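>>> Structure here, sequence nowhere to be found:
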C-alpha cells in the first residue's frame, strides 16, 4: 500500500517565476511529483496541446463536470472557464505521488476549503520592486498589462497569509529545493 | 534582524540511533544547528567533559535553577536530576540558529506544553524486531538491561502519536537529511 501523496497548491503573482521553480522541482523529484493540468473552455492556441498545456472542453462539458463534482476548483476569466479536474489528481495521490496545482489565489482558497489535507505554498518575490523589474524584464506585456498585473499582485500578496508556507523566489535553485523540502516534510508529518 | 530559529525536540527509544543521526544532521548543517547540552547532578565519569557532555551541577544549584525557571524541562533518574538549561537554548534561537534537544519522551511532553513553537520529532525504528536486533548488536548492555530498554521502548512508541513528525531511521543518511528537511520546512512555514 503506497502512502498517500500530498496535494500542494502553488500560487504567486505573475512574474514571480512560479512556473520555472515548479518545473525545476518536478525535474529534480524524478517522477515523484505529478503536475496537475487544468481544464479550460478557451480556444486552443498554436502553442497548445491537448492534455499537455490544458484539457480543452466545451462550455457544456465543463458545466457538466462542475455539476458532477468532477472539478476541484474553478474560476471564470473573460468568459472562459478554467479548473482542475478531480480524477487525475486523486489517481496520482493514491499512487503515492505528490501533486502540484499551480493555480490562482481564488482557486487556492477553494482547495483549502474543500480538500483539508492540501498544503498551500505561496511563491513571493524578494520585494515588490523586484517583481516589477521581473515583469518589465520579460518584455511580454504592454505597459498597461504590467500595471494591471502589479495591481493584481497587491491583492495576491494580501492573501499570502492564508497560505501554509511561503517560498521567496530569490534564487530558483533554492526555491525549487524548498518546494521539494515542503513535500518531504509533509510526508514525515504525523497524520492526526 | 535574524529570523528566530526553530526549537526541535528529538526523541526515540534507546538503540534507534538518534544520537548518530542528530550528530550527522548537525555536521551537514554546518553550524546552523545548535545541539543543546543537558545539565545533570550525576557525578562526572572519565569520558565526561564540562559543557561538552553535560553541565555538571550540585543538587542545590539544580534545584535553584528549577526554582528560577532556568530549566526548560527536567526529570529525575535514579536519584539524579537531568534537564535542559534555558539560556543557551534561547540565546541560540535568537541568533537564528535551530536548536535540537535530544531528550526523553517525558521531557518532550514538558517542552510541548511550555514552548508552543517547539517541533517534536520522533525517531522510530523500521520495526520493533529491528530495534531489538540493534540493541543486542551494540553489545553494551546486559540481557537484563536490554529487556528493560525494550520494555521502556514500548511505552515510548505509544507516545509517538504526540509528536509532530516521525522519522524512520532505516538509513542514517536519509534520516539525518530528514531532520534537516523538517527544520527547513519549519522556517518556510507561515507564522500565525
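Looks like it came in fine. Quick caveat, the model's predicted, so the values are computed rather than measured. Numbering: from 1, shown residues only, chains lettered A, B, ... in the order given.
>>> is it true that residue A:179 touches residue A:121?
Yes: with contact defined as C-beta atoms under 8 Å, residue A:179 and residue A:121 form a contacting pair (6.7 Å). From N, CA and C alone the C-beta is placed, and that goes for glycine too.
>>> How about the residues of chain A by chain B?
With C-beta under 8 Å from any C-beta of the partner chain as the criterion, chain A meets chain B at residues A:121-122, A:160-161, A:163-167, A:178, A:181-182, A:184-186, A:188-190.
>>> at 6 Å instead, please
Counting by C-beta under 6 Å from any C-beta of the partner chain, chain A comes close to chain B at A:163, A:164, A:165, A:166, A:178, A:181, A:182, A:184, A:185, A:188, A:189, A:190.
>>> Could you identify the buried members of these?
The neighbour-count test (16 or more other C-beta atoms under 10 Å in any protein chain shown) marks A:163, A:164, A:165, A:166, A:178, A:181, A:182, A:184, A:185, A:188 as buried among the residues of chain A next to chain B.
>>> Which one of the residues you listed is nearest to chain B?
Within these, the smallest distance to chain B is 3.4 Å, found for residue A:185 (C-beta to the nearest C-beta).
>>> tell me the centre residue of chain A?
The centre of chain A sits closest to residue A:102, judged by C-alpha atoms, centre = their mean, with a distance of 1.0 Å.
>>> Look up phi and psi at it.
Main-chain torsions, residue A:102, degrees, to the nearest 10: phi -100, psi 100.
>>> Can you tell me how far it is from residue A:11?
From residue A:102 across to residue A:11, the span is 8 Å (C-beta to C-beta, to the nearest Å).
>>> could you pull out the helices for chain A?
A:18-28, A:59-67, A:86-94, A:105-114, A:128-138, A:143-158, A:172-188 (DSSP state H).
>>> what sits against the residue lying closest to residue A:161 once chain neighbours are set aside?
Sequence neighbours aside, residue B:190 is the residue nearest to residue A:161 in space, at 6.5 Å (criterion: C-beta to C-beta, 6 or more residues apart in numbering or on different chains). Neighbour list for residue B:190: A:163, A:164, A:166 [criterion: C-beta atoms under 6 Å, 6 or more residues apart in numbering or on different chains].
>>> ok, now with 8 Å
Residues in contact with residue B:190 (C-beta atoms under 8 Å, 6 or more residues apart in numbering or on different chains) are A:122, A:160, A:161, A:163, A:164, A:165, A:166.
>>> wait, what's in contact with the closest residue in space to residue A:112 that isn't next to it in sequence?
Once flanking residues are discounted, residue A:112 sits nearest to residue A:120: 6.0 Å by C-beta to C-beta, 6+ apart. Contact analysis of residue A:120 by C-beta under 8 Å, 6+ apart lists A:8, A:9, A:11, A:108, A:111, A:112, A:162, A:163, A:164, A:165.
>>> I'd assumed residue A:9 was in contact with the fourth one.
Spelled out, that is residue A:108. Yes: assessed by C-beta under 8 Å, residue A:108 is found in contact with residue A:9 at 4.7 Å.
>>> list residues touching both of these two?
A:101, A:120.
>>> of the two, who's got more company?
Ranked by neighbour count (other C-beta atoms under 10 Å in any protein chain shown), residue A:108 and residue A:9 place residue A:9 first, with 29 against 24.
>>> Kindly state the beta-bridge partners for the more buried one.
Beta bridges link residue A:9 to residue A:101, residue A:120, judged by DSSP bridges.
>>> That one reaches residue A:119, doesn't it?
Yes: the pair residue A:9 / residue A:119 is scored as a contact, 7.2 Å apart, by C-beta under 8 Å.
>>> Which residues are in contact with the closest residue to residue A:15 other than its chain neighbours?
Closest residue to residue A:15 apart from its sequence neighbours, by C-beta to C-beta, 6+ apart: residue A:135 at 3.9 Å. Contacts for residue A:135 (C-beta under 8 Å, 6+ apart) come out as A:14, A:15, A:141, A:146, A:149, A:150.
>>> how far away is the fourth one from residue A:32?
Yep, that's residue A:146 we're talking about. Taking C-beta to C-beta, one finds residue A:146 at 36 Å from residue A:32.
>>> Flag the shaky bits of chain A, pLDDT-wise.
A:1-2, A:192 (pLDDT under 70).
>>> residues touching the nearest residue to residue A:159 once chain neighbours are set aside, list them.
Excluding the flanking residues, the one nearest residue A:159 by C-beta to C-beta, 6+ apart is residue A:105, at 4.6 Å. Listed by C-beta under 8 Å, 6+ apart, the contact partners of residue A:105 are A:11, A:155, A:156, A:159, A:162.
>>> And for residue A:21?
Per C-beta under 8 Å, 6+ apart, neighbours of residue A:21: A:123, A:167, A:169, A:172, A:175, A:176, A:179.
>>> For residue A:102 and residue A:11, list the residues in contact with both.
Common neighbours of residue A:102 and residue A:11 (C-beta under 8 Å, 6+ apart) are residue A:18.
>>> which of the contacts of residue A:21 lies closest to chain B?
Taking C-beta to the nearest C-beta as the measure, chain B sits nearest to residue A:167 out of the contacts of residue A:21, at 6.0 Å.
>>> All good on my end, thank you.
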